[in-house]
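*Asks:* have a look; sequence and predicted model below, questions after that.
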Amino acid sequence: MSRARRILTDIAAKYALPAVYCIVIIRLIIDVFMPNDVSRYTIICFAAECLLFVLFEWLKGRKVLRGLIYMTMLIGITVLYFRLIMQGYTRTMISYQDWFYVDINEVGQVDEYFTGTMIFMTFFLSSVVYYFTLIRYRASGTLLAMLFPLFIYAKRAESIETFELTLMITVFLALMVHSRLVSTENKERVVINRQYAAALALFVAVVGAVTMFLPSTTAKSKLEADKTYFDLTGSRNSNYSDLSDLSSLRFGSNDEGVELFRMTASDNYYVYYLRRQGFDSVTEDERWVMSRDNSIYDIIGMNYADNEINTPVYMYQMMRELAESGDYEQYGLKKELYPQSIYTQTEEMSLYASDNFAPSYLPVPITLEGDSLKQYNKIPHGEVYAAALYDNGSAPELDTDIEFYPENDEARAYISKINIRYEDFEAALEAAAAKGDIRNSVVYNVQAIHDNFTDLSGYEASDRLRELAQSITGDKDTEYEKAQAIVDYFENNGFRYDKEYVPEDESIDYFLFESKRGSCTSYATSMTLIARLAGLPARYVEGFAAYEKNDSNEYIIRDSNAHAWVEIYISGVGWVTFDPTIADYQTAGGDDDGGFDFTIFFEYFGRIAIVLGVIFVIIFVILLDRIIELLFRISLMFTDNTNRVLKLYRRTLKLLENSSGVRLAGYTPHELLGFMRSRREADLSYVVELFEAVCFGGYTPSDEEWKKAYGLYKGEYKKLRKQKPLNTAKA
């Protein structure tokens, strides 16, 4: 074996397992914070890890210098980490805590946070793994590195994939065995060769197979029952517990069907839309944000200063009074448009959370009766969006009762008959304000709604999107008809609901004109854009769709019930809910129908395939020499006797080089014959003589001569390939 090969073998024997263990852990962390580009950043971090290992190895013999350099690097990386955190917050106003603990679909990606975190994590984990495996063997210290991803996943209430968890644990166990053998504290000499590697791989495969096939326990631990059981604050949390400045990603669902809260209602409709938050501005990449520059918003960008313009309930009461006065008929405010039977009776709703959910807001219908929460003293009297319950700086319990006005068929029929143009609606409000029938602020707020929620100044709509908006709404008379026509367009034009689908092109144009396939976020984004292009004030809203019920007639709201829809501001009516997502979403991912579960089958089959693949690799490694020899012998069948003798001599030379580690290319045939006699007690004199006759005399062997030489080679083959173990002494 050449010197370079021995050096590479020694390096691999010493550093391979620690490096693999470290990058497996880092990859799990990358998968949390950058799930769409795991491979690229894994390669980058692995390269950085290797460079750190080289640096640490160089510093190992420099006792004074190594401490100074390491502390300088640690301080520099820490300063860089905090600078990136500050830059990320300044640019996005998303807190690092929210980014770290809440799913990317909820808060969005912050590049500065990710870069700083991965730089620090790569440096720290590489340091820990290197020290506790290559300097001072300590199993507990190496285990510390493995706890980092487990802690992060637990805090985020997420689970690690079975294969990835199995890989991390088995590599850890293999590393413990290896580190114990090669550590400087072990005085025995360890032979590291192909058999050692195969045995270690077999150990990993067996442990991994047993781990994957062991049945899961049916009992739940405290952490499984409440994924935030170890929270220092003691508060429960989930991906949906807090509000966000940025709308959810439109592709890539990560829900687990975890129950967040339950609900009972005095009446039972098929779907209740429980608002979480609304957004007003669209970004260039077709995500939605809440405005921070408009004074009509409150702290979370959802509520307006005047209750009269918030919901159909308050708008109805105000408009009915104006219509009954008879002073505004010239603007289309006719008494018969506002019958007395609308919004006269409230319904009751009870909300109560599970152990996985403690929101900083109250998910409620848009038609909430504001006075129903006055008794709790959690929101100001009259506020109709109970969305920010930060009165005492702490999140409230969700267990509460509310009252709301149902968006029933009667209310919907009344809304559909309102045919007031925005210009007339605005003029009627201005006239009413001039007479003192309403406050001037009502007019200002309605104008602000129309201006802000028809605005697309930051978004460049394509020509075909504009044409689509015109074709859908152009021949409709009322604003309600236009909004409903957009909803019907999705239902009648071959669109499919698929929350797992990730297209090659994530643009709205591709969704509308090419794939016609996606989740509620794509449907709601599309309708909001189309509505604004048609001149309708529209906002994108996220919350929960309550439709699943249990045997006790309770609505079960899970993380998989998170939903997006649209609210259109209808002149003379107020904000009205429209759900453009085709109805398939209400049945997708429902209860098991008792049929064959192909997902479980393929998952189980995948585990078997992994184990079989590992076993195949191990067998291949163990039998590699024999496989190469078999291929060599097969190749002899396809050539003449002259080339057979030449190939047989070269093969003999290669076997001796591999088994002895001595470079034999410069040996004469007789020197080679003496070498094999002295080192391997093998005698291939006839093969060497026949080779000289062929190579130097132009002789062509007969079939009998070839068979004799080949038989002699096969008889001495085991002696030729017998390896002398590579002894690796411990430093």
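*Replies:* Thanks, I have it. Numbering: from 1, shown residues only.

*Asks:* name the residues of stretch 647-659 that come out as buried.
*Replies:* Neighbour-count burial for stretch 647-659, with 16 or more other CB atoms under 10 Å as criterion, is recorded at 648-649, 651-657, 659. Using the backbone N, CA and C atoms, a C-beta is placed for each residue, glycine as well.

*Asks:* now do the strands in the stretch 351-500 of the chain.
*Replies:* Listed in chain order, the strands of the stretch 351-500 of the chain (DSSP state E, counting those that start in this stretch) span 400-404, 496-497.

*Asks:* check the chain too.
*Replies:* 190-191, 259-265, 272-279, 281-282, 288-289, 347-353, 400-404, 496-497, 517-518, 538-546, 555-558, 562-570, 574-578, 727-728 (DSSP state E).

*Asks:* ok, which of those comes nearest Met637?
*Replies:* Nearest of the strands of the chain to Met637, taken as CB to CB: strand 190-191 at 37.0 Å.

*Asks:* mind putting the strands of the chain into JSON lines with mean pLDDT?
*Replies:* As requested, the strands of the chain are exported to JSON lines (pLDDT from 0 to 100):
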{"stretch": "strand 190-191", "mean pLDDT": "45"}
{"stretch": "strand 259-265", "mean pLDDT": "88"}
{"stretch": "strand 272-279", "mean pLDDT": "87"}
{"stretch": "strand 281-282", "mean pLDDT": "88"}
{"stretch": "strand 288-289", "mean pLDDT": "86"}
{"stretch": "strand 347-353", "mean pLDDT": "85"}
{"stretch": "strand 400-404", "mean pLDDT": "82"}
{"stretch": "strand 496-497", "mean pLDDT": "91"}
{"stretch": "strand 517-518", "mean pLDDT": "90"}
{"stretch": "strand 538-546", "mean pLDDT": "91"}
{"stretch": "strand 555-558", "mean pLDDT": "90"}
{"stretch": "strand 562-570", "mean pLDDT": "93"}
{"stretch": "strand 574-578", "mean pLDDT": "91"}
{"stretch": "strand 727-728", "mean pLDDT": "38"}
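
*Asks:* now tabulate those in a markdown table and tack on mean neighbour count.
*Replies:* A markdown table is the format used below for the strands of the chain (neighbours: other CB atoms under 10 Å):
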| stretch | mean neighbour count |
| --- | --- |
| strand 190-191 | 14 |
| strand 259-265 | 20 |
| strand 272-279 | 23 |
| strand 281-282 | 22 |
| strand 288-289 | 22 |
| strand 347-353 | 18 |
| strand 400-404 | 19 |
| strand 496-497 | 16 |
| strand 517-518 | 20 |
| strand 538-546 | 24 |
| strand 555-558 | 22 |
| strand 562-570 | 25 |
| strand 574-578 | 22 |
| strand 727-728 | 14 |
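
*Asks:* show me the domain layout of the protein.
*Replies:* Domains of the chain are assigned by automatic domain parsing as 3-185, 259-457+537-586, 636-728.

*Asks:* of those, which stretch is the most buried?
*Replies:* domain 259-457+537-586 (a mean of 18; mean count of other CB atoms under 10 Å).

*Asks:* beta partners of the residue nearest to Ala545 when sequence neighbours are not counted?
*Replies:* In space, and not counting its chain neighbours, Ala545 is closest to His563: 3.9 Å by CB to CB, 6 or more residues apart in numbering. Here His563 sits in beta bridges with Gly543, going by DSSP bridges.

*Asks:* now do the contacts for His563.
*Replies:* Each residue near His563 by CB atoms under 8 Å, 6 or more residues apart in numbering is listed here: 273, 520, 542-545, 581, 585.

*Asks:* one more time with 10 Å, if that's ok
*Replies:* Neighbouring residues of His563 by CB atoms under 10 Å, 6 or more residues apart in numbering: 271, 273-274, 276, 519-521, 523-524, 541-547, 557, 579, 581, 585-586.
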